[in-house]
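Asks: what follows is a protein structure lacking sequence information:
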């Protein structure tokens with residue numbers, strides 16, 4: 001009788017674990033060397049959005065004006081191409097300036113766009129400068145902001161399907177307390 005109860009209890013516990021795991025995005029590897037590739041995949045969304053606005057207007061200056069106007073008019077999605085357009089004009093090495101990081105992280109705090117939150121978290125995590133514990137806390141704050149978003153808020157034209165997995169992956173790569 002006791003053995004049957006233990007097996008039943010174990011089965012219920014495992015069912016709860018499996019159910020909880022099913023709700024979490026799948027993270028296949030704890031190889032944290034993949035953070036850079038994932039970060040570049042997020043950045044490519046900004047570049048593609050900028051390229052799309054250039055294709056729409058036919059001119060870089062007009063594209064920037066249009067993206068800014070849309071953003072000022074309250075279109076949260078327009079902040080993505082507005083950020084990507086200047087990156088298109090810079091070399092890869094010049095893309096990640098302090099101004100760029102501030103812009104993304106400020107937008108993350110102001111409008112809670114999932115792409116901005118994830119990108120800011122990756123910027124912070126990959127930054128070689130700064131105190132490790134302070135950076136860890138900042139990244140955790142961004143992860144919490146992302147996790148606080150509703151499922152609907154995590155979707156949109158500039159929020160790729162893999163963004164939840166990217167956040168989960170980043171979370172596994174944080175150093176322990």
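Replies: Yep, it's here. Keep in mind that what you see is a predicted model, and the values were worked out from it rather than measured.
Asks: and the contacts of the helix or strand containing residue 80?
Replies: Assigned by DSSP states H and E, residue 80 falls within helix 79-89. Under the contact criterion Cβ atoms under 8 Å, 6 or more residues apart in numbering, helix 79-89 has outside partners 43, 45-54, 60, 63-64, 67-68, 70-71, 95, 100, 103-104, 107, 111, 113, 115-116, 158. Every C-beta, even on glycine, is put in place using the N, C-alpha and C of the backbone.
Asks: list the contacts for residue 43?
Replies: With Cβ under 8 Å, 6+ apart, residue 43 has these contacts: 87, 95, 119.
Asks: most neighbours, which of those?
Replies: residue 119 (27 neighbours; other Cβ atoms under 10 Å).
Asks: show me the shaky parts of this protein.
Replies: Applying pLDDT under 70 to the chain flags the ranges 1-30, 177.
Asks: center of it, which residue is that?
Replies: Residue closest to the mean C-alpha point of the chain, counted by Cα atoms, centre = their mean, is residue 118 at 1.8 Å.
Asks: helix, strand or coil for that residue?
Replies: helix (DSSP: H, G, I helix; E, B strand; the rest coil).
Asks: now do it against residue 55, distance only.
Replies: Distance of residue 118 to residue 55, given as Cβ to Cβ, to the nearest Å: 25 Å.
Asks: and residue 163, by the same measure?
Replies: Distance from residue 163 to residue 55, by Cβ to Cβ: 24 Å.
Asks: more neighbours: which of these two?
Replies: Using other Cβ under 10 Å, the more surrounded residue of residue 163 and residue 55 is residue 163, with 24 against 9.
Asks: isn't the more buried one up against residue 154?
Replies: Yes. The criterion here is Cβ atoms under 8 Å, and residue 163 meets it with residue 154 at 6.7 Å.
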